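Enquirer: Curious how this folds, go ahead:
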Amino acid sequence: MAVINCPNCKKKISDKAKECSHCGLSLQALDSDKMANLSQVNRINQGQRLLNYSFIAMLLFCGGFLFMFWDTVEQGSWQHTLAMVATVIGFIMYIIIRIKLLFFKRQK
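Expert: Predicted structure coming up:
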């Protein structure tokens, strides 16, 4: 008896199991076409998740940048500091996620 990864949820299951105990996927009905299709769907979902994180990071960066130069925000106040922190965190997150996305698209 060996432990394998479920093709759907990637959690550890027994190779003798008839269905995944985590996601309920029937392992008996899977053939090579269904396995390839399931793998492609998982890859698309992972790429979409990275794009969503990239969008959130860009919103954080733009929101912090716009709030930093708002008319009523004084330099040195807690609002200005918060806007600076949001801008820096958003920028760093965006760069890291885009690099991850680049490596994700290169691996096939």
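Enquirer: tell me the helices in the chain, going along the chain?
Expert: Here the chain has its helices, by DSSP state H, at 32-68, 78-106.
Enquirer: Least reliable of those by average pLDDT, please.
Expert: Taking the average pLDDT of each of those, the minimum falls on helix 32-68, with a mean of 91.
Enquirer: Tell me which other helices or strands that helix touches.
Expert: Secondary structure elements in contact with helix 32-68, counted by 3 or more C-beta pairs under 8 Å, 6 or more residues apart in numbering; DSSP states H and E, are helix 78-106. Every residue, glycine included, has its C-beta placed from N, CA and C.
Enquirer: now the angle from the helix it packs on to helix 32-68?
Expert: Per axes from the mean of the first three to the mean of the last three C-alpha atoms, to 10 degrees, the angle that helix 78-106 makes with helix 32-68 is 160 degrees.
Enquirer: what packs against helix 78-106?
Expert: Contacts defined by 3+ C-beta pairs under 8 Å, 6+ apart place helix 78-106 against helix 32-68.
Enquirer: Buried residues of the helix it packs on, list them for me.
Expert: Buried residues in helix 32-68, counting neighbours by 16 or more other C-beta atoms under 10 Å, are found at 50, 53-54, 57-58, 60-61, 64, 67-68.
Enquirer: swap in stretch 78-94?
Expert: Neighbour counts over stretch 78-94 (16+ other C-beta under 10 Å) mark 80, 83, 86-87, 90-91, 93-94 as buried.
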